[in-house]
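K.L.:
need a 3D model of the sequence below.
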Amino acid sequence: MGEVETVDAVVIGAGPNGLVAANLLADAGWDVLVLETEAEPGGAVRTAELAAPGFRADVCSAFYPLGAISPVIAGLRLESFGLRWRSAPDVLAHVLPDGRAAVLSRDLDRTAASLDAFAPGDGDAWRAEFALWRRVREPLVDALLRPFPPVRASTRLLRALGPGDALRFARTAVTTSRRLAEERFAGEGARLLFAGNAMHSGLGPDQSAGALFGWLLSMVGQDAGFPVPEGGAGSLTAALVARLASKGGRIHCGRPASKVLHARGVAVGVRDGEGTPIRARRAVLADTGAPQLYRDLVGVEHLPRRFAADLDAFEWDAATLKVDWALDGPVPWKAAEVAGAGTVHLGADLDDLSRHGLALAAGLDPERPLLLAGQMTTTDPTRSPAGTETLWAYTRLPRGLDWSADQARRRVDRIEEAVERQAPGFRDRVVGRHVSGPRELQDRDRNLDQGAINGGTAAIHQQLVFRPVPGLGRADTPLDRLYLASAAAHPGGAVHGAPGANAARAALVRNGLAGSWYRAGVDRAHRWLYERSAA
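P.N.:
Numbers count the residues shown, from 1 in each chain. Below you'll find the predicted structure:
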């Protein structure tokens, strides 16, 4: 047997979080190797010609509002490696069943005018929310994306708000999107922008903490928009890969990790799919789902019993069905103001959103689901030939449905009927179609378990110190030098790079001057959490 390959760090998974982590470690001078199961890097951040030749579609994620404001992404300066951001004329339109549409635009006056058309005064109420956002933007984003607990960012946030407004903001953060929307606005337009945006997180209008997600995405959209990488989501991955290569990092695609190697409670490397060991002198970072890391790659028998029991309660978010279309012309919307929106929420009022959430909770297929659609050529003209449109839509489904091809076809028919109602003649413009059900999404990226696009539910019981199990809310795991670097870790889903960055920072601290004290503290906390608790 030849000499064992040795590097400073092995990163399992070349999704965005894995690539962010690898870049930050390479910046520190580490020798980094990334192992990726698939034939190309990117995970859910990839682009392909799915529906028809010449129509570039994003395999999963498409719009990046949190990426636009993420200090992690900004700090990597990916524009130097080819990344260019593009935006649609308007950020978002929510189309009601009666055909009216509320528009979110980066032009504050345009947004306000759209909301005032539903209820006079809602435009000023929206301006007040945006003024609050501008007060808290920087410390709030830091508090949300930095490792837990975000002491410095929280102190700055408290200073920006003052004690009274800080309590009010905390109440806002934990309430439901329906409650917040009804307290702040009189008309359906503004209420649906908040509640519809909350559902990007998978939280329905009546779930606690949905208000924070709805408010955050609405204000980010007003401020920075929902931008996309020019040429496709894969351009973001390409920039991360090019930057890593410039720092000496390596990616081996088509080379899965089969086991995390460990001895006496310390991760020492990985074994690849061919059985070849790779030694990691300093760290192993896993951009994988939490169950995959702990059950498959480590083995629950090597974990504290209480930790393993907590892992049994890990909850994925809902499944997803996505349809991509190639159109020979723009979508023929009845409401003209929808034409310029990059993102479209389609065909649901507030009660429909509630029924959608309740159906998912009950394991039922929603009769009138919210459709989230993306007009990609409207947003980025490089996505398809001039005068055409690359369009997608997705909806959330209960987990565990094993649909036949006929059932999937009927669901797609219902989706197209919903678009046709608001855009007569839509079907006549379809020249190509591609359907990705839960199984297909998972086949493209194992982290998308049944199409779970957030890496686990965003409900409050699995956020902060409860993500992925009750613990520290950090990337550290019960094994020394092993770090969870995926959306299954705090702060969760969306392409902002924070889980990968937090894992890289933890690895750097562990290998720094204070590393032994740092790990001793983590070990003490883990013993208190998992060994002194009842098994």
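K.L.:
what sits against residue 342?
P.N.:
63, 87-88, 90-92, 225-226, 228, 374-376, 378-379 (CB atoms under 8 Å, 6 or more residues apart in numbering). Glycine gets a C-beta too; all of them are placed from N, C-alpha and C.
K.L.:
hang on, it is in a strand, isn't it?
P.N.:
Yes - counting by DSSP: H, G, I helix; E, B strand; the rest coil, residue 342 falls inside a strand.
K.L.:
now the residue nearest to it when sequence neighbours are not counted, what are its backbone angles?
P.N.:
In space, residue 342 comes closest to residue 88 once its chain neighbours are excluded; the distance is 3.2 Å by CB to CB, 6 or more residues apart in numbering. Dihedral pair for residue 88: phi -80, psi 160, per degrees, to the nearest 10.
K.L.:
I'd like to know how far residue 88 sits from residue 294.
P.N.:
40 Å (CB to CB, to the nearest Å).
K.L.:
and residue 43, by the same measure?
P.N.:
In terms of CB to CB, residue 43 sits 19 Å off from residue 294.
K.L.:
same check, this time on residue 485
P.N.:
Counting by CB to CB, the separation of residue 485 from residue 294 is 14 Å.
K.L.:
more neighbours, these two?
P.N.:
residue 485 (31 against 28; other CB atoms under 10 Å).
K.L.:
which residues touch that one?
P.N.:
Shown in contact with residue 485 (CB under 8 Å, 6+ apart): 11, 13, 17-18, 21, 285-287, 475, 499-500, 502-504.
K.L.:
how about those in TSV, adding distance to residue 278, secondary structure and pLDDT?
P.N.:
TSV is the format used below for these (distance: CB to CB, whole Å; DSSP: H, G, I helix; E, B strand; the rest coil; pLDDT from 0 to 100):
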residue	distance to residue 278	secondary structure	pLDDT
11	11	strand	98
13	14	coil	97
17	20	helix	97
18	15	helix	98
21	16	helix	98
285	13	strand	98
286	14	strand	98
287	16	coil	98
475	20	coil	95
499	22	helix	97
500	19	helix	97
502	23	helix	97
503	18	helix	98
504	18	helix	98
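K.L.:
closest one of the residues you listed to residue 406?
P.N.:
The shortest approach to residue 406 among the contacts of residue 485 belongs to residue 13, at 34.8 Å (CB to CB).
K.L.:
show me what contacts that closest one?
P.N.:
34, 35, 36, 37, 43, 286, 287, 288, 447, 485, 486.
K.L.:
mind doing that once more with 10 Å?
P.N.:
19, 21-22, 34-38, 41, 43, 256-257, 285-289, 292-293, 445-447, 485-486, 500 (CB atoms under 10 Å, 6 or more residues apart in numbering).
K.L.:
relative to residue 323, how far out is it?
P.N.:
27 Å.
K.L.:
next: residue 21.
P.N.:
32 Å.
K.L.:
those two: which has the busier surroundings?
P.N.:
Applying other CB under 10 Å to residue 21 and residue 323 shows that residue 21 carries more neighbours, namely 34 against 24.
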